[in-house]
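Undergrad: what shape does this take:
(one chain, ligands or ions: 2)
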Amino acid sequence: MVTFPRIIAHRGSPRAAPENTLASFRQAATEGAKWVEFDAALTADNRVVIFHDDDLDRTSDGSGPLAETLFETTQALDAGGWFAPAFRGEMIPTLEEALELFVALGLSFNMELKTDPGREVALAEIALPIAAACWPADLPPPVISSFSRQAVAAAKEILPAWPRAMLFDHLPEDWDELGKSLGAMSLNANQKHLTREQVMEVRGAGYAVMAYTVNEAARAETLFGWGVDAIFTDIPGEMLKIFDRK
Ligand code: G3P
Ligand code: MG
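TA: Residues are numbered from 1 along each chain as shown. Ligands and ions are numbered 1, 2, ... in the order given. Predicted structure coming up:
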């Protein structure tokens, strides 16, 4: 049985620090977050780094697809200066670095497997053993999620004890069949398209519901009122002040 708080820091605290960097995760912890969500992706040479976009351009001083970039090249990039000069020198974290920091800060996490075409299973095969090796066995297991069915299915085979969530933009017709086949603990949906009826049905079928990305308190209130179990937010500190610290 996995327990998680209602407020999950999305990519750290990305309004206050550059997303998916160690600085962003530290900032989320400083704001009181207990869980963070981050995106794990593969470099060209199959190293797992923490990065959201397909391309390096928006959140680093690099360019082109991460999937075509060698790990060594990613480690020479600046992932903080684009956000603010004070963050110059922030690097693209490795999975090991991120997890080491989480353990030190007492954070738990939702690792989203951000796949590129053809390496959906490979990402799970490479990232999950690293995560399991870095995560103390006596701590509650974190959550693994992905928009890729193949990646979530691979997670079920590789690390069955860790809870899984399937990510959706729109909830598909076959969500229950899919959730059951993946042994999913939660269905995580885009809050923009989520309805009260869907939340009730999904929860009624035994899944948790997590909604992304919720940055307005009134919307969070509505979603929690519908029964949504957790929200991913870019403003964890503000949401925690309004909601809870569970
Ligand atoms: O895991 C929730 C959310 O992060 C999914 O969308 O694009 O922000 O990674 P995205
Ligand atoms: Mg994500």
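Undergrad: tell me where the chain has strands.
TA: For the chain, the strands defined by DSSP state E occupy 7-10, 35-42, 48-50, 108-113, 143-146, 164-168, 186-190, 208-212, 230-233.
Undergrad: can you tell me which of the ones you listed is most buried?
TA: Compared across the strands of the chain, strand 7-10 shows the largest average neighbour count, a mean of 30 (mean count of other C-beta atoms under 10 Å). For the C-beta atoms, the positions are set from N, CA and C on the backbone; glycine is no exception.
Undergrad: who does it pair up with?
TA: In the sheet, strand 7-10 lines up against strand 35-42 (parallel), strand 230-233 (parallel) (DSSP bridges).
Undergrad: ok, now how distant is residue 165 from ligand 1?
TA: Separation of residue 165 from ligand 1 (C-beta to the nearest ligand atom, to the nearest Å): 8 Å.
Undergrad: can you check residue 10 too?
TA: With distances taken as C-beta to the nearest ligand atom, residue 10 is found 6 Å from ligand 1.
Undergrad: how far out from the middle of the chain is the longest helix along the chain?
TA: Ranked by residue count, the top helix of the chain under DSSP state H comes out as helix 120-134. The chain centroid and the centroid of helix 120-134 are separated by 14 Å under C-alpha atoms, centre = their mean, to the nearest Å.
Undergrad: cool, and stretch 58-76?
TA: Taking C-alpha atoms, centre = their mean, one finds stretch 58-76 lying 20 Å from the centre of the chain it belongs to.
Undergrad: give me the number of residues near residue 160?
TA: For residue 160, the count of nearby residues is 10 (other C-beta atoms under 10 Å).
Undergrad: quick one: contacts for the residue nearest to it when sequence neighbours are not counted?
TA: Once flanking residues are discounted, residue 160 sits nearest to residue 183: 7.4 Å by C-beta to C-beta, 6 or more residues apart in numbering. Residues counted as contacts of residue 183 (C-beta atoms under 8 Å, 6 or more residues apart in numbering) are 156, 160, 164.
Undergrad: residue 183 and ligand 1: what is the separation?
TA: For residue 183, the distance to ligand 1 - C-beta to the nearest ligand atom - is 18 Å.
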